[in-house]
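Peer 1: Sequence and predicted structure, then a few things I'm wondering about:
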Amino acid sequence: MPAQVPAGTGGEALLAVHDLCLERGGRELFRDLCFEVLPGSLLQVEGANGAGKTSLLRILAGLSRYGFTGRVERRAPLLYIGHLPAVKALLTPRENLAWHVAGEAVHSNDEIERALAKVGLYGYEDVSSHALSAGQHRRVNLARLYLSHSPLWLLDEPFTAIDKGGVAELENLLVEQVQRGGAVVLTSHQQLRVACQVQALSLTEGLVA
Amino acid sequence: MKEQAAAPGTLGFCLALLRRQLTLAARRPIEIGNPLLFFMMVVALFPLGLGPSPEKLAGFAPGILWIIALLSNLLTSDTVFRSDFEDGSLEQLLLAPQPLFLSVLAYIAAHWLITGLLLALVSPVFALMINLPAVAIGTLVASLLLGTAVLSLVGGIGAALTVGLKRGGMLISLLILPFYMPVLIFGSAAVQNAVLGVPPGPYLAIIAAMLCLAVALAPLAIAAGLRISVDA
């Protein structure tokens, strides 16, 4: 079932997927998936548990390199946020961001403080992450979005363990990213309340609406 | 689009990683202390097992010290990537724009600094405990400095391949022990020769050559191993 995402705001696609097929445990998760992620687009991947959302995102990010057929072209630097927070409990939030293993950019202390304040961790910059809750670990990880200059974001369930206010903040951030010409691909079971067009990729039907 | 901030250069990134790893180690001093404690305990066992005769111990000392150094390295090599794998940092490292085979060198360097280097520096104390002749102590330290670096690099390959497994401990030993053997042979031979008064230079040179080979090839193998482990 080939599917095409309609053109967004124009410009060259940040990510192009050609004829992607994935089988896991003898079950076909998706077949002949074709789409492009254009600058200024927000793509929500939907599907039931086990539909292959996380697998798809890992393939898009380049973490899964075997076990599927098809081609993924990545034309821009990307930021991937997965299920695991990648936050070291032995480091403070500031150190976690300053020495982050994703190696995106060198961030100044000011930038890091501002990003942490944005995710509601003002005052926690130099507290050992041991003392933070699971939700706060996720927030430290999400602070990377405020620091990021990558045009393409791949977010796997970014709203997990985030409170209501945090979700609204995050939705605004996604809109900002889209408005400045970036693109977001995310998986979520929640209905997004954003002031921009959301494209949906439904894995159960293999169609893009 | 915001102004593009350049990704940090490879060297800067590696130094940041090294600093991160060393800070992590410093906040868990027990991890640094464990190999040293192991070394001390096993050295203390040998006089009990072999009998306290100083002459007898002196004869075995080079081999004993090298075997214990090797085992305490093996004991810790499993942990190099494990915590990063468990909390998702490893995924992020794989996606970093910097070449992976260079960034893993930072992990290995940190591992060597907190195991091999420390072990080599305190080894003279343990050498005296089992009566290694004083003339050989310089050679012992030099051979351990070079040799443990090879062990850390080779151990890193095993760690990268087994990081995805819940109980990789035994498998990693099976995988990397054969590659530890040449280092053990030449390392203890260097010390043995120093005891006998023969110049140990050639043996040290061979270990240094192994180190060159390991530095050149191990990072590639570690990077490939990590990609496979994260993919699975």
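Peer 2: Structure received.
Peer 1: Run the chain-centre distance for the helix or strand that contains A:Leu116.
Peer 2: Here A:Leu116 sits within helix A:109-118, counting by DSSP states H and E. When distances are taken as Cα atoms, centre = their mean, to the nearest Å, helix A:109-118 is centred 20 Å away from the chain's centroid.
Peer 1: On the three-state scheme, the residue of chain A found nearest chain B is what?
Peer 2: When scored by Cβ to the nearest Cβ, chain A has A:Leu84 as its residue closest to chain B, at 2.5 Å. From N, CA and C alone the C-beta is placed, and that goes for glycine too. At A:Leu84 the chain is in coil, as set by DSSP: H, G, I helix; E, B strand; the rest coil.
Peer 1: May I ask which helix or strand encompasses the residue positioned nearest the centre of chain B?
Peer 2: Compute the mean C-alpha point of chain B, and by Cα atoms, centre = their mean the closest residue is B:Ser152, 2.9 Å away. If you go by DSSP H and E, B:Ser152 is part of helix B:137-162.
Peer 1: Check which element follows that helix along the chain.
Peer 2: Note on helix B:137-162: by DSSP H and E, the next helix or strand toward the C-terminus is helix B:169-196.
Peer 1: helices or strands up against the helix or strand that comes right after that next one?
Peer 2: Proceeding N to C from helix B:169-196, the next assigned helix or strand is helix B:201-231, under DSSP H and E. Using 3 or more Cβ pairs under 8 Å, 6 or more residues apart in numbering or on different chains; DSSP states H and E, the elements in contact with helix B:201-231 are helix B:89-95, helix B:100-112, helix B:137-162, helix B:169-196.
Peer 1: returning to what we had before: can the helix holding A:Leu116 be said to contact chain B?
Peer 2: No: judged by Cβ under 8 Å from any Cβ of the partner chain, helix A:109-118 stays clear of chain B, getting no closer than 9.4 Å.
Peer 1: Flag every buried residue along whichever helix in chain A runs longest.
Peer 2: For chain A, the helix with the greatest residue count under DSSP state H is helix A:164-179. Across helix A:164-179, burial judged by 16 or more other Cβ atoms under 10 Å in any protein chain shown covers A:166-167, A:169-171, A:173-175, A:177-178.
Peer 1: now swap in stretch B:202-217 and tell me
Peer 2: B:203-204, B:206-208, B:210-211, B:214.
Peer 1: From those residues, pick the one nearest B:Arg82.
Peer 2: Distance to B:Arg82 across the buried residues of stretch B:202-217 (Cβ to Cβ) is lowest for B:Ala214, with 21.2 Å.
Peer 1: Just give the nearest non-adjacent residue to the closest one, would you?
Peer 2: B:Leu153 (4.1 Å; Cβ to Cβ, 6 or more residues apart in numbering or on different chains).
Peer 1: Return the residues of chain A in contact with chain B.
Peer 2: A:61-67, A:77-78, A:80, A:82-91, A:95, A:98-106, A:149, A:151, A:180-182.
Peer 1: hmm, 6 Å instead?
Peer 2: A:63-65, A:80, A:82, A:84, A:86, A:90, A:99, A:101-106, A:149, A:180-181 (Cβ under 6 Å from any Cβ of the partner chain).
Peer 1: Enumerate the positions of stretch A:40-59 that are buried.
Peer 2: Neighbour counts over stretch A:40-59 (16+ other Cβ under 10 Å) mark A:40-47, A:51-59 as buried.
Peer 1: One more: stretch B:43-54?
Peer 2: Across stretch B:43-54, burial judged by 16+ other Cβ under 10 Å covers B:43, B:46-47.
Peer 1: likewise stretch B:150-169?
Peer 2: Here stretch B:150-169 shows B:150-164, B:168 as buried, counting by 16+ other Cβ under 10 Å.
Peer 1: Tell me how many other residues crowd the residue nearest to A:Asn172 when sequence neighbours are not counted.
Peer 2: Among residues not flanking A:Asn172 along the chain, A:Val194 sits closest, at 7.9 Å (Cβ to Cβ, 6+ apart). If you count neighbours by other Cβ atoms under 10 Å in any protein chain shown, A:Val194 ends up with 18.
Peer 1: Was I right to think A:Val194 contacts A:Glu171?
Peer 2: Yes: in this structure, A:Val194 is within contact of A:Glu171 by Cβ atoms under 6 Å, at 5.0 Å.
Peer 1: In contact with B:Ile157, which residues?
Peer 2: B:Ile157 is in contact with B:218, B:221-222, counting by Cβ atoms under 6 Å, 6 or more residues apart in numbering or on different chains.
Peer 1: Tell me if I'm right that A:Asn141 and A:Pro85 touch.
Peer 2: Yes: the pair A:Asn141 / A:Pro85 is scored as a contact, 4.4 Å apart, by Cβ under 6 Å.
Peer 1: Show me what the helix or strand following the helix holding A:Leu116 is packed against.
Peer 2: Along the chain past helix A:109-118, the next helix or strand (assigned with DSSP H and E) turns out to be helix A:134-147. Counting contacts by 3 or more Cβ pairs under 6 Å, 6 or more residues apart in numbering or on different chains; DSSP states H and E, helix A:134-147 is packed against helix A:109-118.
Peer 1: Are we agreed that A:Leu155 is in a helix?
Peer 2: No: assigned with three-state DSSP, A:Leu155 falls outside any helix and is strand.
Peer 1: of all the buried residues of stretch B:150-169, which comes closest to chain A?
Peer 2: B:Gly164 (12.6 Å).
Peer 1: Tell me the spacing between the closest residue to that closest one other than its chain neighbours and chain A.
Peer 2: If the residues on either side of it in the chain are set aside, B:Gly164 comes closest to B:Ser229, at 4.0 Å by Cβ to Cβ, 6+ apart. From B:Ser229 over to chain A the distance is 11 Å, taken as Cβ to the nearest Cβ, to the nearest Å.
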